[in-house]
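A.B. asks: fold the stuff below for me.
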Amino acid sequence: MKVNKNTILQFMLSMTIAIVSFSSCSKKSSSSSASRATGWDVSGKKVASNKVQTAGPGLVFVEGGTFTMGKVQDDVMHDWNNTPTQQHVQSFYMDETEVTNFMYLEYLDWMKKVFPPTEEKYKYIYAGASPDTLVWRNRLGYNETMTNNYLRHPAYANYPVVGVNWIQAVEFSKWRTNRVNEAILEKNGYLKKNAKTDEVDAESIFDTETYINSPTSAYGGKNEAIVLKRPQGRQTKGTEQKNVYAQRTSGIVLPEYRLPTEAEWEYAAAADVGQREYNIYKGQKKYPWSGSYTRSGKRQTKGDQLANFKQGNGDYGGIAGWSDDGADITNEVKKYPANDFGLYDMAGNVAEWVADVYRPIIDNEANDFNYFRGNMYTKNKIGKDGKIDIVTTDNIKYDTLSNGKIISRNFPGQIVQVPVDEQETYLRQNFDKSNNINYRDGDKQSSIYYNFGSSEANTDKKDEKNMYNSPKHNVTTDSLGRMVRKYDKSSKRTTLINDDVRVYKGGSWRDRAYWLDPAQRRYFPQDMATDYIGFRCAMSKVGPKSEKRKSARN
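C.D. replies: Model (predicted):
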């Protein structure tokens with residue numbers, strides 16, 4: 001049977017076309033611009049996929065995991081304050097060192113420029129942010145040199161800042177978040193160059209959450225002069241230009257800087273990542289370094305102190321010239337070896353504020369994942385016009401602390417926050433009110449008579465039963481602006497613990513080696529400061545637990 005050559009050629013041509021068409025369709029369906037959900041072309045809505053979070057300035061990565069929280073090696077007091085519990089902490093970032101005087105002065109200089117103390121409506125802001133330099137004074141000691149020089153003299157620039165209370169540390173963290181994200185936006189071409197310094201004033205402050213939630217409200221509504229304009233579509237002559245804003249989906253805006261939780265701080269200080277023995281779960285590490293001694297056992301540095309702490313009565317550094325830890329008060333950061341996470345001074349130098357409200361017991365029955373006590377859930381305030389309410393220079397709120405210090409609790413450009421209400425809490429099992437500090441701790445919800453789901457469960461009444469009967473000092477101002485102090489002299493008070501005391505961790509230059517154990521914990525009023533408590537910031541990690549890139553498994 002003879003076959004027509006034309007027929008064969010036509011058949012081969014049709015097969016070639018079919019193969020090419022199939023290949024083209026296959027490529028199109030697997031194209032990165034096609035939605036895996038619908039197959040639609042979503043190139044115009046493309047999200048920065050698999051974008052890896054970069055560490056913010058000053059931060060190092062801490063890979064999360066499980067550890068024994070509260071395991072104290074030398075528990076000479078047999079205190080229930082450190083009952084061991086097993087916890088799991090998510091990965092996060094933490095400051096390589098404590099916040100230094102130089103870092104804090106950068107904050108103060110910015111505050112002074114934006115909120116001049118000479119203007120009546122801003123007169124409390126700069127003073128409220130300034131550390132208390134009088135913490136160095138002692139009734140029977142001459143410390144005026146530190147009082148006058150420690151914060152500002154360049155010789156102390158890289159020493160940890162002290163005299164900062166917990167509230168001030170939180171406000172510094174918020175300020176740092178905004179300044180870092182503002183610099184990132186400028187670097188990525190969303191803001192005009194140097195706008196963050198040249199255009200700043202009290203009426204046009206950048207706030208990260210405001211920028212993300214309502215970009216046109218950022219910079220006090222003056223963003224037309226600050227946000228870069230870019231042509232839409234092809235850059236042809238006469239193309240209309242529009243402001244372009246970064247969003248969370250852009251993947252470049254960092255999460256907030258904040259104080260670490262107690263669990264995070266203890267996990268990072270212990271650094272069990274460097275100890276791979278079988279008993280790692282038991283938490284056998286006594287210090288942030290391996291071993292049971294405070295002196296180095298390595299040949300090159302044998303005998304050197306590994307931290308800055310009080311070695312005995314009247315001994316804050318050892319004998320001059322030998323057996324010395326190199327400091328009598330605080331010391332410059334990075335003067336002692338880092339732990340296995342690369343963190344410096346997690347023992348000694350200064351103790352550090354953490355985010356948690358203090359309670360003697362860590363309630364691992366309620367939670368053993370990212371443990372934290374102190375949640376105060378809020379939401380953005382929405383005005384009658386349906387838009388978010390922004391703080392202006394006319395509605396800055398001030399608080400008078402128990403010691404009489406006046407501080408600002410919000411700043412222009414921020415979104416006004418209000419407590420969550422029944423709209424968010426109704427029929428929820430995970431939380432039922434805004435203030436969760438006293439959860440399972442002597443409040444009504446801890447009682448067997450508590451009626452879960454009732455309207456009573458959704459309130460934040462101040463008159464709820466409290467387990468801790470602490471003094472209630474009150475400071476107010478009269479009509480003439482004079483301070484009125486009401487000191488609680490009641491003889492019925494049984495404790496100093498209340499909702500305004502915060503945990504601080506780690507030993508300091510004033511402490512014996514006993515307090516260098518990462519599991520040790522103490523508390524101090526959140527509105528008071530000392531010469532031995534500083535702080536460092538942390539940042540949550542988004543995305544995978546590890547920073548190591550792993551190939552996908554088939």
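
A.B. asks: now do the helices in the stretch 401-550 of the chain.
C.D. replies: 422-425 (DSSP state H, counting those that start in this stretch).

A.B. asks: do the same with the stretch 101-250 of the chain
C.D. replies: With helices called from DSSP H, counting those that start in this stretch, the stretch 101-250 of the chain shows them at 101-114, 125-129, 144-149, 166-187, 195-198, 208-213.

A.B. asks: next, the buried residues of the fifth one.
C.D. replies: Looking back up the chat, that one is helix 195-198. Buried residues in helix 195-198, counted by 16 or more other Cβ atoms under 10 Å: Ala195, Lys196. Every C-beta, even on glycine, is put in place using the N, C-alpha and C of the backbone.

A.B. asks: neighbours around Asn81, how many?
C.D. replies: By other Cβ atoms under 10 Å, 19 other residues sit near Asn81.

A.B. asks: a helix runs through it, doesn't it?
C.D. replies: Yes. Judged by DSSP: H, G, I helix; E, B strand; the rest coil, Asn81 forms part of a helix.

A.B. asks: now do the contacts for it.
C.D. replies: Pro360, Arg521 (Cβ atoms under 8 Å, 6 or more residues apart in numbering).

A.B. asks: please repeat the previous calculation with a cut-off of 6 Å.
C.D. replies: For Asn81, the contacting residues are Pro360, by Cβ atoms under 6 Å, 6 or more residues apart in numbering.

A.B. asks: how close does it sit to Tyr150?
C.D. replies: According to Cβ to Cβ, to the nearest Å, Asn81 stands 31 Å off from Tyr150.

A.B. asks: figure out which of the helices of the stretch 101-250 of the chain is closest to Lys298.
C.D. replies: Among those, the nearest to Lys298 by Cβ to Cβ is helix 101-114 (30.7 Å).

A.B. asks: got the angle between that closest one and helix 166-187?
C.D. replies: Going by axes from the mean of the first three to the mean of the last three Cα atoms, to 10 degrees, helix 101-114 is angled at 80 degrees with respect to helix 166-187.

A.B. asks: packing partners for helix 101-114?
C.D. replies: helix 125-129 (3 or more Cβ pairs under 6 Å, 6 or more residues apart in numbering; DSSP states H and E).

A.B. asks: let's see it at 10 Å
C.D. replies: If you count contacts as 3 or more Cβ pairs under 10 Å, 6 or more residues apart in numbering; DSSP states H and E, helix 101-114 packs onto helix 125-129, helix 166-187.

A.B. asks: buried residues, it. List them.
C.D. replies: Applying 16+ other Cβ under 10 Å to helix 101-114 flags Asn101, Met103, Tyr104, Tyr107, Leu108, Trp110, Met111, Lys112, Val114 as buried.

A.B. asks: now stretch 200-220
C.D. replies: 200, 202, 204-212, 215, 217-220.

A.B. asks: stretch 325-336 now?
C.D. replies: So for stretch 325-336, counting by 16+ other Cβ under 10 Å, buried means Asp325, Ala327, Ile329, Thr330, Asn331, Glu332, Val333, Lys335, Tyr336.

A.B. asks: now for the most centrally placed residue in the chain: which residues touch it?
C.D. replies: Nearest to the mean C-alpha position of the chain, counting by Cα atoms, centre = their mean, stands Arg258 at 1.3 Å. If you count contacts by Cβ atoms under 10 Å, 6 or more residues apart in numbering, Arg258 has them with 92, 169-170, 173-174, 176-177, 264, 355, 537-540.

A.B. asks: repeat that for 6 Å
C.D. replies: Ser173, Ala538.

A.B. asks: what's the answer for Asp421, then?
C.D. replies: Contact analysis of Asp421 by Cβ under 6 Å, 6+ apart lists nothing.

A.B. asks: also Leu151?
C.D. replies: Residues counted as contacts of Leu151 (Cβ under 6 Å, 6+ apart) are Asn101, Pro131, Thr133.

A.B. asks: the first one contacts Pro160, correct?
C.D. replies: No. When contacts are counted by Cβ atoms under 6 Å, Asn101 is not listed as touching Pro160 (7.6 Å).

A.B. asks: and the nearest residue to Leu259 once chain neighbours are set aside, how far from Gln526?
C.D. replies: Nearest non-adjacent residue to Leu259, counting by Cβ to Cβ, 6 or more residues apart in numbering: Ala355, 4.2 Å away. Distance check for Ala355 against Gln526: by Cβ to Cβ, it reads 10 Å.
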